[in-house]
Structure formats: C-alpha cells, structure tokens
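> here's a sequence, model it:
(one chain, ligands or ions: 1)
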Amino acid sequence: MAPETPASANTLDNLLVEDRTFAPPEALAAHANVSEEAYARAEADPEAFWAEQARRLQWETPFTQVLDFSDAPHATWFADGTLNVAVNCADRHVAAGNGDKVAIHWEGEPGDAKDITYAELTAQVSKAANALTELGLRAGDRAAIYLPMIPEAIYSMLACARLGVAHSVIFGGFSAEALRTRIGDASAKLVITSDGQFRRGSAVPLKAAVDDAVATPDSPVEHVLVVRRTGIDVTWTGRDVWWDELVDRQEPVHQAQAFPAEQPLFILYTSGTTGKPKGILHTSGGYLTQASWTHWAVFDLKPGSDVFWCTADIGWVTGHSYIVYGPLSNGATQVVYEGTPNSPHEGRHWEIIDKYKVSIYYTAPTLIRTFMKWGRQIPERYDLSSLRVLGSVGEPINPEAWMWYREVIGKNRCPIVDTWWQTETGAMMISPLPGVTATKPGSAMRPLPGISAIVVNDEGEPVGNGGGGYLVLDKPWPSMLRTIWGDDERFKDTYWSRFAAQGWYFAGDGAKYDTDGALWLLGRVDDVMNVSGHRISTTEVESALVAHPKVAEAAVVGANDAMTGQGIVAFVILRSEAASATTEDPAAGEALIAELRGHVGTQIGPIARPRQVMIVPELPKTRSGKIMRRLLRDVAENRDLGDVTTLQDSSVMNLITAGLSTGK
Ligand code: 6R9
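Numbers count the residues shown, from 1 in each chain. Now for the predicted structure:
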C-alpha cells in the first residue's frame, strides 16, 4: 500500500479527545492576582500592558520607549531605561524592610540545610561581585558557571548580573568536551565551579572536568573560582582560586551600577537535535519583566505567605527564570534543593514539602511519571496540605499523569498550570491562570495576557478549532531571545525563516486546538510520525499508552516501514507492580504487549496502533527530562547510536539495548 495523502488539509491529525474540565477553585479565584479582564486589556494594547508590568521593577532611569521592532526579527524593549538586575532581586527587598525575610530555604542532598534571608543574599552577592571585580571581570565580559544546586550558584549568577557580566550556566555533569565548546563559544574569562558534587549519597568530582576543558593553550579562561562543597581532592594550578579564600574576605557591600535594559544578562546553550549548541542570548529589562510578572501571575504568588518550590536545575532555563530571576525579583520565599528525588529515599520531595510547608510546587512531567511508577503510597505518607498551586513544564503532560498529579499530590484541590515556553522565549508563554482559566488534563489552554500564539498549517493559514499544525508566535514579547551568540544568521534561519513572509517566530512544536479552542502542545515537529500519510504526533500516542493503568511512561517513534512509510514503535516503562509481574512471567509480558497495542487502537484509532511495543526499564532523557526520541529511532531502525553526550545518564542506552537483545 502506498502512503496516501490524508483527507484533511491540516498538518497534524487530531486523535485524542479529552472532555474533563476543571473550573478554578472559588476561594483562589476570589483573591487571584490576575483577573479575566487582563486578557482583553493586554490584547487591546500589548505594549501598554508590558510597560505596566515593567514598572513592577525598580528602574534607575525610567524607560520612555517600550518595543522597537523596526529591525525585526531583532527587538529591543524598554531600551532607554536603565536598571540593575541584581538590585531588583536582592537589595530592593532589603530596602523595603524585608531583609529578615527568608529568600531561600536551601536543602542539601546529604541533609545539611540553611536559611538565607534577603539581607544575607544581598551581602553574599555583593561579596561575590567584589571578588569578581578583583579577578578582573568588567561589564560586557562573560563568565561560565558550572556548579551543583548550592547557594553559591545563585550568588554567582546575581554577582555577574550585578556587574553587567553575562553568565553562561552549564549543567553540572556535562562532559569536559561540552564545557570546552561552550566556554570557547562565549569566550568566558572565568569559570566558577566546585571541587565536587553530591549525587545519590556520594561525592563525585566536578572541577576535574573544568581542568580538562581549560587545558588548551587557546582557552579564554583566566581564572577558575572553586567552591569547596564535598572536600574531595582536586588538582590545583596557578589560575585556580578558592571561593572561601577570595570571596569570604570581601566587603559585604557593593555599589551597584545601573545598565541599559538591553545589557546582555545571560547566554544559555540549548543542545538542539543536530549541530553545535545554540547560545541563546537574553538581555536584562524585558527578560526580567516577563520572568517576574509570569512568576507572580501564573502561580498567583502571594509573597507574604507562599513558599515556592521549582524543582529544576539552574542549568536549565527553568532554573534561571523560576529559581533565580522570577522568585527573587518578586521577593518570594522559596526552597532550593540540591539533590535527586530518590536520595536517600523516594519520598524526598514530599518530605521537603511537608518540612517547609511548600504552597506552590513546579516540576516536570518526567518526574510526575516517575512518581507514578514508584506508586501513590509514597506521597500518601506525607502531609501535603500546604500545597495550593501545582505547575508543570518541559514536555507535554499526558492527561493521565495530569490526573494523577491533581488527585494524588493536589488532593483535587489545587489547580494545575501547564506552562509552555522555551529557552528562546525566556519565560512562560502559554498557560492557564489558576484563578481565571478552567483547566483540561494535558492542555496548556491559552496564551498568557500580552502574548500572541497561533496554530497554522504549512501555508501559514490558521487551522481553527479542531485542527492541528505548527505553533507560531506572531507578536514580539519582552523576554524573547535577542540572537544566537556569535551567529545571527543562524538566529534568523532557525526561528524566522519558516514563516518569513508573515514575520512570525517558528517554535518548532506541533500543536492543535480542540473543539473549544483550547491549545494542546504535541511535541517537536521533527518527531511527528507519518503512517500511511497520516501525520501523527508522538504525544497523542504516548498519552494513550500512559492512560493504561499498568503504564508509567512511554516514548514512541516512527521507524521506517516498507508498507506504511513509517511504523509506530513504542517503548514503555511499566508501573512498579506490573513491572515485577512481567519479569517473573514472560508470557504475561507478551500478553500485556498485545493488550497495549489494542488499547491504543481503541483509545485513539487503528491508525495509531503501534507496530511494536517494547517494555524497557528506562528511557533516554536529557538533563531537563526530555525524552531523546532520536536515540530510540536509532534503536528501532537497528542503527548505531548517534551522539549521546547530552543524555542525563549515558548507561541508559545500554540498559535498553541489552533488554531488547535478550528479548525482554
Ligand atoms: C522551558 C523549557 C523547550 C521545549 C518546547 C516544547 C517543550 C516545554 C512544555 C513543552 C508541551 C509544555 N515544552 N514546556 N511541551 N507542554 N508545558 O522546557 O525550555 O528546555 O528550551 O525546551 O520543551 O517542545 O519547544 P527548553
């Protein structure tokens, strides 16, 4: 059978139907930070809306211009205003009388803990800024930060911001090679790292990778500043400086200078699926405006009573915007946790929520599905009654994972905000507002006030309700990326050439509207499968699989198929009980595979029925928890594996391929 053209003109088939809807809780809606009127007001005059949000910040020189998009796709926001980002995140809360308020409840992996007030934060950032100045850093320079989730990571980011130095945070655990290319691309003069980091109870080296990365004659790095975290042995050279010897002796006061709104704030590298990583550049005023406002609006933050916790790593954009810049600019109290969710036990997150009375919890679908796999009996041992808003980010959240999150963690009380955004967008773009928007399991619902997003087909025509296609952002927004560091051509090419005629930003994600007009994100367009001419999103088939009571996680890929163009191959992780049952009895495993294929067929239609289902113990993920389908495609098509350097745990692929070759 030759692949046929689908009957509809839509770019993506719309398979999954979801009709559960949850209204915002009345008590929350009655006191919500934002109300329905904000949408219409922002739409009528987006620039006035964002100017109003920008005034939530402290400006040294007030701006008179808002947006300038005359050099599109390059935008400037608030360009004639000046501000200091670190002052906005620390000093101004002290000046407002909140110096004794806890900014950070820091919880170390081994169980050490420390509360950091806004006064302490201001002093530490000032000392670090003085130290960086002593090392020769000046406004306009770049510094790389390669640290675990310890307070010094946040002090370092804010010290850079304070000096007008752009930081480039690199995931603690990326290889020396990954470090070298990122340091080189940004010409970083300084690397801030630690001797080692704790991972599941043991101390592992960190500085060693930096030693490797800077050991070339052409390295731009002049100094390596080293935090003592684990006490493990390190090798030492003339360019190395201990944090406790340099920073601790500095004055806790630093006179901050204001910088223009368009001063570079950070570069963050996204791996992309192919080619060299892209250094996404963000600047100061627009970025901070949107990070700050979305953190306040989307979580309905009450800075006086809420305890916020974002479980991301600071090496991911989510950590930049919703651990550092959003919460601290809002003067929030938050938890920062150094470790992994199952160290020393699988109840660690719930124990922390109980201990600090966390009221807003923001995490990723990958983790929710992991918690589902471990079982609901674990969170049920803890008091989670302090929670009032739950958030999700990083991937589409499957409806069943959403329902589990709502019932088991939120006890059917807490609204869930599913927030769609990207490193490139800098801050949240599409999300419900917890006191305003009704929610549906798995949908990000609608663009935030001040944001415009539409779903279009190949020709750039809006698809309308019930249709699927490409997600585009058709209006500029304050925290938009300004360029790709050192490669402006690639910036234009990657994001602005697909719909150049219309001048739209191409997000690279598939999306659809349901019949009510709610927005559903459907994964990267590169991952879309083509089965007999039907374009099927990975997300919908994965969601159908996760809806089966024995499945915790699923990843599907399209593999070459002589008959249908591509055939759907599913990799499935079972929930704990089902996993032990199938390991003990291979026949039960075979029966379950047949059941799962049938289940997808009945849930969303025969066209989406997987050709193959493989039960695996793990899935390959990036450090921000995204499934790397590219590697699974290599497995499904019996190819050698491509680049595995951005995997969170590179041994996972051995586990998967070993399991397959023994027929499991
Ligand atoms: C913040 C972040 C961006 C990509 C994005 C999309 C996926 C993120 C999502 C989501 C569906 C959500 N993504 N949030 N997909 N629903 N709520 O994750 O940034 O690491 O740059 O990834 O992540 O595919 O294009 P980043």
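> pull the number of nearby residues for the nearest residue to residue 257 once chain neighbours are set aside.
Leaving aside its chain neighbours, residue 257 sits nearest to residue 84 (6.7 Å; criterion: Cβ to Cβ, 6 or more residues apart in numbering). (C-beta placed from N, C-alpha, C; glycine too.) As a burial measure, residue 84 scores 23 neighbours (other Cβ atoms under 10 Å).
> how about residues contacting the helix or strand of the chain with the lowest mean pLDDT?
Across the helices and strands of the chain, mean pLDDT, DSSP states H and E gives its lowest value to helix 652-661, namely a mean of 71. Helix 652-661 has contacts (Cβ atoms under 8 Å, 6 or more residues apart in numbering) with 571, 614-621, 631-632, 635, 641, 644, 647.
> pull out the buried residues from it.
652, 653, 656 (16 or more other Cβ atoms under 10 Å).
> and the two most separated of the contacts of helix 652-661?
Based on Cβ to Cβ, the longest span within those runs between 615 and 644 and measures 21.7 Å.
> burial measure for the residue of the stretch 551-664 of the chain found nearest the ligand, as a count.
Of all residues in the stretch 551-664 of the chain, the one sitting closest to the ligand is residue 624 (4.8 Å; Cβ to the nearest ligand atom). For residue 624, the count of nearby residues is 23 (other Cβ under 10 Å).
> confirm that it sits in a strand.
No. Under DSSP: H, G, I helix; E, B strand; the rest coil, residue 624 falls outside any strand and is assigned coil.
> which one is it nearest to, not counting chain neighbours?
Nearest to residue 624 is residue 316, by Cβ to Cβ, 6+ apart, at 4.3 Å.
> element containing the residue nearest in space to the middle of the chain?
The centroid of the chain falls nearest to residue 318 when counting by Cα atoms, centre = their mean (4.0 Å). In the assignment (DSSP states H and E), residue 318 maps to helix 317-319.
> picking up where we left off before, columns distance to the ligand on top of the buried residues of helix 652-661, output as a markdown table?
Formatted as a markdown table, those follow (distance: Cβ to the nearest ligand atom, whole Å):
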| residue | distance to the ligand |
| --- | --- |
| 652 | 19 |
| 653 | 21 |
| 656 | 22 |
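> next up, the contacts around the residue nearest to residue 624.
Contacts of residue 316 (Cβ under 8 Å, 6+ apart): 171, 623, 624.
> one step back: separation between the residue nearest to residue 257 and residue 530?
Residue 84 sits 51 Å away from residue 530, going by Cβ to Cβ, to the nearest Å.
> sorry, back to before: looks like the residue of the stretch 551-664 of the chain closest to the ligand contacts residue 364 (just checking).
Yes. Residue 624 lies in contact with residue 364 (Cβ atoms under 8 Å); the separation is 7.2 Å.
> show me which residues of the stretch 151-300 of the chain sit near the ligand.
Contact residues, the stretch 151-300 of the chain versus the ligand (Cβ under 6 Å from any ligand atom): residue 270.
> relative to the ligand, which residue of the stretch 151-300 of the chain is the closest?
The minimum distance from the stretch 151-300 of the chain to the ligand, using Cβ to the nearest ligand atom, falls at residue 270 (5.3 Å).
> phi, psi for that residue please.
Phi and psi for residue 270, reported as degrees, to the nearest 10, are phi -110, psi 140.
> list the beta-bridge partners for it.
With DSSP bridges as the criterion, residue 270 is bridged to residue 278.
> hmm, back to that, turn the buried residues of helix 652-661 into CSV, including distance to residue 74.
Formatted as CSV, the buried residues of helix 652-661 follow (distance: Cβ to Cβ, whole Å):
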residue, distance to residue 74
652, 40
653, 40
656, 43
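> from those residues, which is closest to residue 62?
Among these, and counting by Cβ to Cβ, the member closest to residue 62 is residue 652, at 51.5 Å.
> beyond the helix or strand where residue 539 lies, next helix or strand please.
Per DSSP H and E, residue 539 falls inside helix 538-546. Using DSSP H and E, the helix or strand that follows helix 538-546 towards the C-terminus is strand 551-561.
> average pLDDT across that next one?
Strand 551-561 carries an average pLDDT of 95.
> contacts for it next, please.
366, 369-370, 372-373, 527-531, 536, 538, 541-542, 545-546, 566-575, 578, 596, 610-611, 619, 627, 629, 632-633, 636-637.
> what segments of the stretch 301-450 of the chain are strands?
307-310, 333-337, 360-363, 389-392, 416-418 (DSSP state E, counting those that start in this stretch).
> to the ligand, which of the ones you listed lies closest?
strand 416-418 (4.9 Å).
> note down every partner strand of the closest one and its orientation.
strand 389-392 (parallel).
> ok, and what's touching the partner strand?
Residues contacting strand 389-392 (Cβ under 8 Å, 6+ apart): 28, 298-300, 310, 359-365, 368, 402, 405-406, 409-410, 414-419, 434.
> which of these are buried?
Members of the contacts of strand 389-392 classed as buried by 16+ other Cβ under 10 Å are 28, 298-300, 310, 359-365, 368, 402, 405-406, 409-410, 414-419, 434.
> which stretches of the stretch 151-300 of the chain form strands?
166-169, 190-194, 196-199, 202-205, 223-227, 240-242, 259-260, 264-270, 278-283.
> so what secondary structure elements neighbour the longest one?
By that I understand strand 264-270. Using 3 or more Cβ pairs under 8 Å, 6 or more residues apart in numbering; DSSP states H and E, the elements in contact with strand 264-270 are helix 151-163, strand 166-169, helix 176-186, strand 278-283.
> name the nearest residue to whatever residue of the stretch 251-400 of the chain ends up closest to the ligand, sequence neighbours excluded.
Using Cβ to the nearest ligand atom, the single residue of the stretch 251-400 of the chain nearest to the ligand is residue 396, 3.9 Å away. Spatial nearest neighbour of residue 396, excluding adjacent residues (Cβ to Cβ, 6+ apart): residue 539 at 4.4 Å.
> tell me the contacts of the one you found?
396, 398, 510, 521, 522, 523 are the contacts of residue 539 under Cβ under 8 Å, 6+ apart.
> between those residues, which is nearest residue 600?
Here the nearest of these to residue 600, counting by Cβ to Cβ, is residue 398; it sits at 12.7 Å.
> and that closest one, how far from residue 339?
For residue 398 relative to residue 339 (Cβ to Cβ), the value is 26 Å.
> among the contacts of strand 551-561, name the buried ones.
Here, 16+ other Cβ under 10 Å leaves 366, 369-370, 372-373, 527-529, 531, 536, 538, 541-542, 545-546, 566-575, 578, 596, 610-611, 619, 627, 629, 632-633, 636 buried among the contacts of strand 551-561.
> among the residues you listed, which ones are in strands?
Judged by DSSP state E, these include 529, 531, 536, 566, 567, 568, 569, 570, 571, 572, 573, 574 as members of strands.
> isn't the last one up against residue 615?
This means residue 574. Yes. In this structure residue 574 lies within contact range of residue 615 using Cβ under 8 Å: 6.3 Å.
> find residues that contact each of the two.
Common neighbours of residue 574 and residue 615 (Cβ under 8 Å, 6+ apart) are 582, 592.
> any low-confidence regions in this structure?
Judged by pLDDT under 70, the chain has its weakly predicted residues at 1-10, 272-275, 645, 659-664.
> show me it divided up by domain.
26-435+446-510, 525-661 (the TED database).
> how about the CA coordinates for the lengthiest helix in the chain, as PDB?
In the chain, taking DSSP state H as the definition, the longest helix is helix 586-604. What follows is helix 586-604, C-alpha atoms only, in PDB (Å, rounded to 0.1, in the frame of the first residue of the first chain):
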ATOM      1  CA  PRO A 586       7.400 -13.700  30.200                       C
ATOM      2  CA  ALA A 587       4.100 -14.900  28.900                       C
ATOM      3  CA  ALA A 588       2.400 -12.200  30.900                       C
ATOM      4  CA  GLY A 589       4.700  -9.700  29.200                       C
ATOM      5  CA  GLU A 590       3.700 -10.900  25.800                       C
ATOM      6  CA  ALA A 591       0.000 -10.700  26.700                       C
ATOM      7  CA  LEU A 592       0.500  -7.200  28.100                       C
ATOM      8  CA  ILE A 593       2.100  -6.100  24.900                       C
ATOM      9  CA  ALA A 594      -0.800  -7.300  22.800                       C
ATOM     10  CA  GLU A 595      -3.200  -5.600  25.300                       C
ATOM     11  CA  LEU A 596      -1.300  -2.300  24.900                       C
ATOM     12  CA  ARG A 597      -1.400  -2.300  21.100                       C
ATOM     13  CA  GLY A 598      -5.100  -3.000  21.300                       C
ATOM     14  CA  HIS A 599      -5.500  -0.300  23.900                       C
ATOM     15  CA  VAL A 600      -4.000   2.400  21.700                       C
ATOM     16  CA  GLY A 601      -6.200   1.200  18.800                       C
ATOM     17  CA  THR A 602      -9.400   1.600  20.800                       C
ATOM     18  CA  GLN A 603      -8.300   4.900  22.600                       C
ATOM     19  CA  ILE A 604      -7.400   6.900  19.500                       C
END
